[in-house]
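Novice: Quick one, structure for this:
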Amino acid sequence: MKLFRQIVLYMALALGANAGFAETPATASLEALRDGDMKKLNFHSAPKATPDTAFERGEGGTGTLADYRGQYVLLNFWATWCAPCREEMPTLSNLQTAMGGDDFQVVTIATGRNAPTAMSKFFDEIGVDNLPLHRDPKSALARQMGIFGLPITLIIDPEGREIARLQGDAHWDSESAKAIIQALIEGAGAS
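Specialist: Down below sits the predicted model:
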């Protein structure tokens, strides 16, 4: 019975993560750009604060989401055991190659038990070399951000607030995804 309740709770949270797209003047133009997988991307009616919970940086030391203030961030939570993550990660890498810079970064954080060697092997096997190998080994950041199931990708604005969320995998190198990111950078989604 406990397992059944956990499954019901998980499904409710998963469905809720993609429910409730609230169109506002700031997001109306972005909504029109959603096509294909990007139809799963839901903009919040109001930006949500992000926690200052530390994660382990791939290059050593710790970091927080505040390290990325001043730019848009596509924050992807993933794990080495996640099959959809394996399919999605190259598209995140392509998006970083196409659009990464001073105004925008793709940031990847492996949550849960993911050994650094397994993470490096995962990236090597799929040909990704331009994304960070950050870790959230105790899932502290993931829990604080309401991450249930993987992959989950968030868009964080330059003020460090979550403005959108997509549950599940997506083609982040699609024309729709690039158009949304470009519109955000150019100020179409300013809140």
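Novice: Using the three-state scheme, assign the nearest residue to residue 94 once chain neighbours are set aside.
Specialist: Residue nearest to residue 94 in three dimensions, not counting chain neighbours: residue 173, with 3.6 Å by C-beta to C-beta, 6 or more residues apart in numbering. In this view, the C-beta of every residue, glycine as well, is placed from N, C-alpha and C. Secondary structure state of residue 173, per DSSP: H, G, I helix; E, B strand; the rest coil, is coil.
Novice: burial measure for residue 173, as a count.
Specialist: Number of residues near residue 173 (other C-beta atoms under 10 Å) recorded here: 18.
Novice: hang on, it packs against residue 89?
Specialist: No - under the criterion of C-beta atoms under 8 Å, residue 173 makes no contact with residue 89, lying 11.0 Å away.
Novice: distance of the residue nearest to residue 94 from residue 108?
Specialist: Using C-beta to C-beta, to the nearest Å, residue 173 is found at 14 Å from residue 108.
Novice: Ok, residue 126 next?
Specialist: When distance is defined by C-beta to C-beta, residue 126 is 12 Å away from residue 108.
Novice: what touches both of the two?
Specialist: Overlap between the contact sets of residue 126 and residue 108, as judged by C-beta atoms under 8 Å, 6 or more residues apart in numbering, is given by residue 89.
Novice: These two: which has the busier surroundings?
Specialist: Counting neighbours by other C-beta under 10 Å for residue 126 and for residue 108 shows that residue 108 has the greater number, 25 against 15.
Novice: isn't the more buried one right up against residue 135?
Specialist: No - between residue 108 and residue 135 there is no contact under C-beta under 8 Å: 10.0 Å.
Novice: Which of the three states applies to residue 147?
Specialist: Following three-state DSSP, the label given to residue 147 is coil.
Novice: what ranges do the helices span in the protein?
Specialist: Per DSSP state H, the chain has helices spanning 2-18, 25-31, 83-99, 116-126, 140-144, 175-185. These are given in chain order.
Novice: OK, contacts around residue 106?
Specialist: 73, 74, 76, 92, 93, 95, 96, 100, 131, 172.
Novice: Pretty sure residue 67 is one of the things the first one touches, is it not?
Specialist: Read it as residue 73. No - counting by C-beta under 8 Å, residue 73 does not reach residue 67; the two are 9.6 Å apart.
Novice: Looking at those two, which has the bigger crowd around it?
Specialist: More crowded of residue 73 and residue 67, by other C-beta under 10 Å: residue 73, with 21 against 13.
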